[in-house]
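**Q** Whatever this is, show me its structure:
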Amino acid sequence: MHPSAPRHFLRLLDLSGDELRALLARATALKAMQQRGERHHPLAGKTLGMIFEKSSTRTRVSFEVGMVQLGGHALFLSPRDTQLGRGEPIEDAARVLSRMVDCVMIRTFEHAKVETFARHSRVPVINALTDQEHPLQLLADMQTWFEHRGDIAGRTVAWIGDGNNMCHSYIHAAQRFGFRLRAACPEGYEPDAAIVAAAGNRCEIVHDPRAAAEGADLVVTDVWASMGQEDEAARRRQAFAGYLVDDALMARAKPDALFMHCLPAHRGEEVAASVIDRPDSVVWEEAENRLHSQKALLEFLLAPGG
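**A** This next block holds a predicted model:
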């Protein structure tokens, strides 16, 4: 039997700062266990239903592998298999699927879809990306930071580029982890004003990438045109001219500053090859940590204390 009110992970703010820090520590522990070859199957007999209306190689692989490593099973549902809200109301899909699986992961466009699904689900629902938020990536990014530099409280993070779903989740991370975010975005591409306002003095919006990067401990960027914005790509390239994270921009950050990118990356567009491919680049660990942090999240939601 599932509890009447399951915990969901639709946005980073759904977990407290203490819960997030404990989850990151657990992710690092699970990573070490996996590297030692230890078997750990707290989710034996559990099934994760994965609804993909927006494709992603990394998200699918990391969740499928993660469930196998935890002793469970992952079921992939493509847009051909399920179209939320088309043919069947989202509420009905949630009521039916949550009677068959133990957890549901949704990657879609409209954030309202995952919220509606969660309201009618008997089991935990995980937001694996919407147009508004990308909380899973922040778990991986924060795990990577903590593993390299310790706690991020009191540090300065520079976001360079679009005020998109990643930027929104970084704003939430600043609130939960206690760092300061300086987001440099072209005019007209700023993050949602209500999300910025709710963060208070944790978040500052500027229109000069150099000002954002000055003295930063961590520099982060993302593609300029996300999936579904391909028709805007040319206009966005023009708007984002000057927002390339190159060696000159990184030189304005602290000497030991880390660079992160959620991938896939367009070298020479939002980031220079010399930045992303340098020997001490952590973007590959950042990508790997999607696996470990998501395993910690699944364990937290499905096997608390397990």
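
**Q** Helices of the stretch 201-306 of the chain, start to end?
**A** 209-213, 233-239, 247-252, 273-276, 283-302 (DSSP state H, counting those that start in this stretch).

**Q** Mind listing residues that contact the first one?
**A** Where contact means Cβ atoms under 8 Å, 6 or more residues apart in numbering, the residues beyond helix 209-213 that reach it are 158-160, 182-184, 206, 219, 242-243, 245, 249-250, 252-253. C-beta here means a position set from N, CA and C on the backbone, and glycine is covered the same way.

**Q** 10 Å instead?
**A** Residues outside helix 209-213 that contact it (Cβ atoms under 10 Å, 6 or more residues apart in numbering) are 156-161, 181-186, 204-206, 219, 221, 240, 242-246, 248-254, 257.

**Q** one step back: any chance of the helices of the stretch 201-306 of the chain in a markdown table with mean neighbour count as columns?
**A** Listed next are those as a markdown table, based on neighbours: other Cβ atoms under 10 Å:
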| stretch | mean neighbour count |
| --- | --- |
| helix 209-213 | 21 |
| helix 233-239 | 14 |
| helix 247-252 | 16 |
| helix 273-276 | 16 |
| helix 283-302 | 22 |
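
**Q** Can you add distance to residue 169 and mean pLDDT and give those back as JSON lines?
**A** Formatted as JSON lines, the helices of the stretch 201-306 of the chain follow (distance: least, Cβ to Cβ, whole Å; pLDDT from 0 to 100):
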{"stretch": "helix 209-213", "distance to residue 169": "17", "mean pLDDT": "98"}
{"stretch": "helix 233-239", "distance to residue 169": "20", "mean pLDDT": "88"}
{"stretch": "helix 247-252", "distance to residue 169": "22", "mean pLDDT": "98"}
{"stretch": "helix 273-276", "distance to residue 169": "20", "mean pLDDT": "98"}
{"stretch": "helix 283-302", "distance to residue 169": "13", "mean pLDDT": "98"}
